[in-house]
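Novice: Fold the following for me, if possible:
(2 chains)
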Amino acid sequence: EAGVTQFPSHSVIEKGQTVTLRCDPISGHDNLYWYRRVMGKEIKFLLHFVKESKQDESGMPNNRFLAERTGGTYSTLKVQPAELEDSGVYFCASSQLANTGELFFGEGSRLTVL
Amino acid sequence: AQSVTQLDSQVPVFEEAPVELRCNYSSSVSVYLFWYVQYPNQGLQLLLKYLSGSTLVKGINGFEAEFNKSQTSFHLRKPSVHISDTAEYFCAVSSGTYKYIFGTGTRLKVLA
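Specialist: Model (predicted):
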């Protein structure tokens, strides 16, 4: 069974440009999450989808970040325009259950904004 | 509000020696506790979790952790480490939702 896959694994862009990160959850997992780790700091929650609906986006830093999950399958996270402080590793995770269940994480997408 | 503290950012240890990675948490409600590991160039992998029941939890790769409610700790231990255990380890807490609160991570470096 395929795990959570993320693309790209690493993206280097200049300040002001746009980047779109993609996440394919484990098949059958209705719950999809985005987390982010800024260099050397803790991994922080960004948002949660149940199927195609956003359940909680309280962790999104600002309106430059837009997450979508059309059709309830894969998800994208767009940063537009990117700023230096957006650099970090963006993790996607999925789960069958939204409580107590294990979160299955992808390898992360490393974003570097120059 | 919940928080997780991993005081040790880096822990060097010789191969076959025991190791303990410390994790303390703060929460006003009951919690679920997790340890994740990230090997180089890989994603986060669940090592073990405490949801309820026995306070001693055994995980994969010979790791175990003990939930201590009075000390609000969930330290991770392994009696004998291998080179392959070199990785970054993350402690996380949840109050039963998907919003995990992670610590800042501890880099375990196993020396030959």
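Novice: give me the number of residues near the closest residue to A:Gly16 other than its chain neighbours?
Specialist: Computed as C-beta to C-beta, 6 or more residues apart in numbering or on different chains, the closest residue to A:Gly16 that is not its neighbour in sequence is A:Pro81, at 4.6 Å. All C-beta atoms are positioned from the backbone trio N, CA, C, and that covers glycine. Here the number of neighbours of A:Pro81 (other C-beta atoms under 10 Å in any protein chain shown) works out to 14.
Novice: Next, the buried residues of stretch B:70-89.
Specialist: Using 16 or more other C-beta atoms under 10 Å in any protein chain shown as the test for burial, stretch B:70-89 gives B:73-76, B:78, B:81, B:85-89.
Novice: do stretch B:13-21 as well
Specialist: Within stretch B:13-21, judged by 16+ other C-beta under 10 Å, the buried ones are B:13, B:19, B:21.
Novice: So the closest residue to the last one other than its chain neighbours: helix, strand or coil?
Specialist: Once its chain neighbours are removed from consideration, B:Leu21 has its nearest residue in B:Leu76; the separation is 4.4 Å (C-beta to C-beta, 6+ apart). B:Leu76 falls in the strand class when you classify it by DSSP: H, G, I helix; E, B strand; the rest coil.
Novice: Name the residues of the one helix or strand B:Ala65 maps to that are buried.
Specialist: B:Ala65 belongs to strand B:64-68 when assigned by DSSP states H and E. Neighbour-count burial for strand B:64-68 flags B:64-65, B:67 (criterion: 16+ other C-beta under 10 Å).
Novice: which bits of chain B sit near chain A?
Specialist: B:4, B:32, B:34, B:36, B:41-46, B:49, B:51, B:90, B:92, B:94, B:96-105 (C-beta under 8 Å from any C-beta of the partner chain).
Novice: Just the buried residues of those.
Specialist: Among the residues of chain B next to chain A, the ones that count as buried by 16+ other C-beta under 10 Å are B:4, B:32, B:34, B:36, B:43-46, B:49, B:90, B:92, B:94, B:98-105.
Novice: Pull the contacting residues for A:Leu21.
Specialist: A:6-8, A:11, A:76-79, A:90, A:92, A:109, A:111 (C-beta atoms under 8 Å, 6 or more residues apart in numbering or on different chains).
Novice: Scan these and report the most crowded one.
Specialist: That'd be A:Cys92 among these, by other C-beta under 10 Å, with 28 neighbours.
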